[in-house]
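Asks: just need the structure, nothing else, for what follows:
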Amino acid sequence: AEYLPVLLWLLISAGFLFIAVRAFNRRKVENSGSNGACRPAAAFLSAIVMFGAFAVSVHNLPLKKLPTLIISIVISAVAYLVINAVVYRNKKDIVPALKKLPIGIGAVVVMSLILITGGLGYTNAVPDIDDVEVAYVTSPINDKMLFGGTRVSGWGSNNDGLTHITGYMEMTGGFTSENDIREILSLHESITEAELTDQEMDFCIIYRLKSGKTVRRGFRYLSDENIKQALSLANSDYCRDVVKTKFMATDKELDELYGVPGEKEAEEGDVFSVYKKDIWSKNYSKNRWIFKYTNANTYYLYNKNGEKSEKPLSDMLTEEDYTQFVGCLYEDFQKSNLSERYLPSKKVIGIISLSSEKEITHFEDVWFQNNSFNHFAVVITEDMKSTLKYLNNKDMIKYFDNTKEFAEVKIMPFSDAKTKVYNYTYEEKLGRLFCMEINAESDTNMVESNYKEDILKDYTRFTDKAKINELYDASYQFAYVEDEGYIAEYVFTDGSTVRLYIPSSYENLIKNY
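Replies: Alright, predicted model coming up:
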């Protein structure tokens, strides 16, 4: 797929060349007797080849705008010379054609500038906030907690429902409040002004205007700052409404808001109905059980090492108690900075893992595709006062305690780790969510598993307990993955291990790099 545009241009150019040469050969006895006697056809063929060479070069060169433009002009000029040499075959006819080279280069550059600038700025134009009724964006992270969308690709290893790194997501929305639309317009403007990066990705913004028109804008390049700005949409009114719905809405309210699964069909002529159906009906209705007591038999408390409570929440709380507990969670979420889920800075106390299908009790490899594995997790941080107070009153806070002793920790840059094993290898930065990897068992049968591959052989190793504790406090089970961050594998004295993520903001803690 990567070279499809190149092959397409080559085939088109070769086809035109074949047709032109055949036509010229039949007329070479006319006029000057050369293959290029039909000068309009020769000029047209030269323009096709020249622009084709230019377009292929621009499409494939992983450079910034100016170097790409210069190199592509040189390549297109060479292509022009070659095609004219093939067509005319004699100096007498080639020289006049060469005099037209600057005209061809100028035309190619002008056409390219029109395309590069989005129709001289037309496609990069940001709509006026007063004109926008609703907006949709590509989900900036693969997480069911706040953003809609369906996982369409990704791979991971899983144990106890707490492991995966996944990639591409679909659209999420719609954002309707004035504040939300202002944030999306600001993101749109930032993307158009950012420098090109060497990291390609697919990001889309769709607006439905009050006039009824639809504005779609797709982007192939996002900077790291653009991605972080997109992640900040977690604090949007839309995402906070998502949280309220998932925590507090009744089945009846969900049906009224989003329709019954399978019954909401796309409305003919409504380009947004597909998003309404896919995002609202499928994701909300399918996953609306997440905070329901009827499913609490698969909800466990986990400490930072991945050790889980002896019993599920349904065995520790009555339905009334569970409702109060969910209310405490929602109260804390209302007060918190929701983008902390992806760009964390608060100390993690523990995790509530919500797995809908089954309790996973052993290490296994899972292929994540089309939501075939339903997993959800809530990270409990030190600022969630209501939740921590409730758990403490119910004597459940003890399940967050670390009962294991550290033996060592191995640390390496994520940019190195992702190239050593396919768990961490995917093309796009957009959507990357790190989830903790647990190997809770220490028996020899685990040696041949994917997890046990020694991807950290070029690691920095720490055995000092004070240093390990300092790094451990800076490690996270869930976070947006930056290439500049670190993978930390904590090894315990019983042989079990857990891999966590250390953001780049803590690099000062990691010595000897």
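Asks: can you map out the helices along the stretch 1-150 of the chain?
Replies: Taking DSSP state H, counting those that start in this stretch as the test, the helices found in the stretch 1-150 of the chain are 4-27, 39-60, 65-88, 91-98, 101-116.
Asks: quick check: which of those is buried the most?
Replies: helix 39-60 (a mean of 19; mean count of other CB atoms under 10 Å). In short, each C-beta sits where N, CA and C put it, glycine included.
Asks: how about the CA coordinates for that helix, as PDB?
Replies: Taking C-alpha atoms only, helix 39-60 is exported to PDB below (Å, rounded to 0.1, in the frame of the first residue of the first chain):
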ATOM      1  CA  ARG A  39       4.400  19.100 -30.900                       C
ATOM      2  CA  PRO A  40       1.100  19.500 -28.900                       C
ATOM      3  CA  ALA A  41       1.100  15.800 -28.100                       C
ATOM      4  CA  ALA A  42       4.800  15.900 -27.200                       C
ATOM      5  CA  ALA A  43       4.300  18.900 -24.900                       C
ATOM      6  CA  PHE A  44       1.300  17.200 -23.200                       C
ATOM      7  CA  LEU A  45       3.300  14.000 -22.700                       C
ATOM      8  CA  SER A  46       6.200  16.000 -21.300                       C
ATOM      9  CA  ALA A  47       3.900  17.700 -18.800                       C
ATOM     10  CA  ILE A  48       2.300  14.500 -17.700                       C
ATOM     11  CA  VAL A  49       5.700  12.800 -17.100                       C
ATOM     12  CA  MET A  50       7.100  15.900 -15.400                       C
ATOM     13  CA  PHE A  51       4.200  16.400 -13.000                       C
ATOM     14  CA  GLY A  52       4.100  12.700 -12.300                       C
ATOM     15  CA  ALA A  53       7.800  12.700 -11.300                       C
ATOM     16  CA  PHE A  54       7.300  15.700  -9.200                       C
ATOM     17  CA  ALA A  55       4.200  14.300  -7.400                       C
ATOM     18  CA  VAL A  56       5.800  11.000  -6.700                       C
ATOM     19  CA  SER A  57       8.900  12.700  -5.300                       C
ATOM     20  CA  VAL A  58       6.800  15.000  -3.000                       C
ATOM     21  CA  HIS A  59       4.700  12.100  -1.800                       C
ATOM     22  CA  ASN A  60       7.600   9.900  -0.800                       C
END
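Asks: what packs against it?
Replies: Applying 3 or more CB pairs under 8 Å, 6 or more residues apart in numbering; DSSP states H and E, we find helix 39-60 packed against helix 4-27, helix 65-88, helix 101-116.
Asks: now the angle from the second one to helix 39-60?
Replies: The directions of helix 65-88 and helix 39-60 differ by 150 degrees, with axes from the mean of the first three to the mean of the last three CA atoms, to 10 degrees as the criterion.
Asks: before we move on, the earlier item: closest one to residue 328 among the helices of the stretch 1-150 of the chain?
Replies: Within the helices of the stretch 1-150 of the chain, the stretch nearest residue 328 is helix 65-88; the backing value is 51.9 Å (CB to CB).
Asks: between that closest one and helix 101-116, how big is the angle?
Replies: 140 degrees.
Asks: what about the helices in the stretch 151-300 of the chain?
Replies: So, for the stretch 151-300 of the chain - with DSSP H, counting those that start in this stretch - the helices run 178-193, 224-231, 237-248, 251-258, 273-275, 286-287.
Asks: excluding chain neighbours, what is closest to residue 100?
Replies: residue 43 (7.5 Å; CB to CB, 6 or more residues apart in numbering).
Asks: for residue 242, see how far away that neighbour is.
Replies: Noted for residue 43: a distance of 58 Å to residue 242, by CB to CB, to the nearest Å.
Asks: do residue 316 as well
Replies: Distance of residue 316 to residue 242, computed by CB to CB: 27 Å.
Asks: check residue 67 too.
Replies: 43 Å.
Asks: likewise for residue 236?
Replies: Noted for residue 236: a distance of 9 Å to residue 242, by CB to CB.
Asks: for the closest residue to residue 384 other than its chain neighbours, what are phi and psi?
Replies: Leaving aside its chain neighbours, residue 384 sits nearest to residue 332 (4.0 Å; criterion: CB to CB, 6+ apart). Dihedral pair for residue 332: phi -70, psi -40, per degrees, to the nearest 10.
Asks: repeat for the one 3 residues further on
Replies: In terms of degrees, to the nearest 10, the main-chain angles of residue 335 are phi -90, psi -20.
Asks: surely residue 303 touches residue 353?
Replies: No. The criterion here is CB atoms under 8 Å, and residue 303 misses it with residue 353 at 11.2 Å.
Asks: and those two? Which one has more around it.
Replies: Each of residue 303 and residue 353 has its neighbours counted (other CB atoms under 10 Å); residue 353 has more, 23 against 20.
Asks: correct me if wrong, but the more buried one is in a strand.
Replies: Yes. Under DSSP: H, G, I helix; E, B strand; the rest coil, residue 353 sits within a strand.
Asks: contacts for the helix or strand encompassing residue 387, please.
Replies: Taking DSSP states H and E as the definition, residue 387 sits inside helix 385-393. When contacts are defined by CB atoms under 8 Å, 6 or more residues apart in numbering, helix 385-393 is touched by residues 301, 324, 325, 328, 329, 331, 332, 349, 380, 382, 397, 400.
Asks: next, count neighbours for the fourth one.
Replies: By the criterion of other CB under 10 Å, residue 328 has 17 neighbours.
Asks: ok, it - contacts?
Replies: Residue 328 makes contact with 386, 387, 389, 390 under the criterion CB under 8 Å, 6+ apart.
Asks: okay if I get the residues you listed as a markdown table plus pLDDT and neighbour count?
Replies: Shown next, in a markdown table, are those (pLDDT from 0 to 100; neighbours: other CB atoms under 10 Å):
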| residue | pLDDT | neighbour count |
| --- | --- | --- |
| 386 | 96 | 17 |
| 387 | 96 | 25 |
| 389 | 96 | 12 |
| 390 | 96 | 21 |
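Asks: between those residues, which is nearest residue 77?
Replies: Using CB to CB, residue 387 comes nearest to residue 77 of the contacts of residue 328, at 66.4 Å.
Asks: which non-adjacent residue is nearest the closest one?
Replies: Distance criterion CB to CB, 6+ apart; nearest residue to residue 387, sequence neighbours excluded, is residue 328 at 4.8 Å.
Asks: one more: residue 336?
Replies: The shortest distance from residue 336 to any residue other than its chain neighbours is 6.6 Å, reached at residue 383 (CB to CB, 6+ apart).
Asks: over to residue 67?
Replies: Among residues not flanking residue 67 along the chain, residue 61 sits closest, at 7.6 Å (CB to CB, 6+ apart).
Asks: so what pLDDT did residue 472 get?
Replies: At residue 472, the model reports a pLDDT of 92.
Asks: OK, contacts around it?
Replies: By CB under 8 Å, 6+ apart, the neighbours of residue 472 are 304, 406, 409, 490, 500.
Asks: touching, residue 432 and residue 481? I think so.
Replies: Yes. With contacts counted by CB under 8 Å, residue 432 reaches residue 481, the gap being 4.1 Å.
Asks: so which of these two has more stuff around it?
Replies: Using other CB under 10 Å, the more surrounded residue of residue 432 and residue 481 is residue 432, with 25 against 21.
Asks: pLDDT value on that one, please?
Replies: pLDDT at residue 432 comes out at 71.
Asks: ok, it to residue 143 distance?
Replies: Computed as CB to CB, the residue 432 to residue 143 distance reads 10 Å.
Asks: kindly report the same for residue 53.
Replies: Look at residue 53 and residue 143: by CB to CB, they are 43 Å apart.
Asks: kind regards, and thank you for your time.
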